[in-house]
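K.L.:
With the sequence up front, the predicted model follows.
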Amino acid sequence: MAGAAKGDSAGVATAVEATLCQVIPLVVDLLLRLAGINVDGAMKGLLTKIRTKVQGAIDKVSNKLKQTKVGQAYTKGKCCG
């Protein structure tokens, strides 16, 4: 977090992403349980595969954006406020 105080948002973005990756499956599981939907192991495996592919796609887009001049300026804290 010390980097965030200096304007480096890359560490903060990584922490937020990691937290969301941990929280989203818990929230989905809670909502399914509240709705009375029983998700067995096969369905959880399928959801894990889908989540992995979506996460990979997000990572690719994020890495491509970081390679642009705007992305580099943003991660250095020189863009957007």
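P.N.:
Received the coordinates, thanks.

K.L.:
The residue nearest the centre of the chain is in what secondary structure piece?
P.N.:
Residue closest to the average C-alpha location in the chain (CA atoms, centre = their mean): Glu17, at 3.3 Å. Assigned by DSSP states H and E, Glu17 belongs to helix 10-34.

K.L.:
Check the offset of that helix from the chain's centre.
P.N.:
Here the centre of helix 10-34 is set off from its chain's centre by 8 Å, with CA atoms, centre = their mean, to the nearest Å.

K.L.:
Same check on stretch 37-51?
P.N.:
Distance, stretch centre to chain centre, for stretch 37-51: 19 Å (CA atoms, centre = their mean).

K.L.:
Tell me the secondary structure of the residue of the chain most remote from its centre, please.
P.N.:
For the chain, the largest distance from the centre (CA atoms, centre = their mean) belongs to Gly36, which lies 27.3 Å off. Of the three states, Gly36 takes coil under DSSP: H, G, I helix; E, B strand; the rest coil.

K.L.:
Got the phi and psi for it?
P.N.:
phi 80, psi 20 (degrees, to the nearest 10).

K.L.:
Look up the pLDDT of it for me, please.
P.N.:
Note on Gly36: pLDDT of 80.

K.L.:
do Met43 as well
P.N.:
Per-residue confidence at Met43 stands at 78 (pLDDT).

K.L.:
Show me what the helix or strand hosting it is packed up against.
P.N.:
Per DSSP H and E: Met43 is located in helix 41-67. In terms of contacts (3 or more CB pairs under 8 Å, 6 or more residues apart in numbering; DSSP states H and E), helix 41-67 is packed against helix 10-34, helix 69-75. No exception for glycine: its C-beta is placed from N, CA and C like everyone else's.

K.L.:
Against Gln72, how distant is the residue nearest to the centre of the chain?
P.N.:
Glu17 sits at a distance of 18 Å from Gln72 (criterion: CB to CB, to the nearest Å).

K.L.:
Ala35 now?
P.N.:
44 Å.

K.L.:
The two: which has the busier surroundings?
P.N.:
Gln72 (13 against 7; other CB atoms under 10 Å).

K.L.:
Hmm, the more buried one is touching Lys66, no?
P.N.:
Yes - counting by CB atoms under 8 Å, Gln72 touches Lys66, with 6.8 Å between them.
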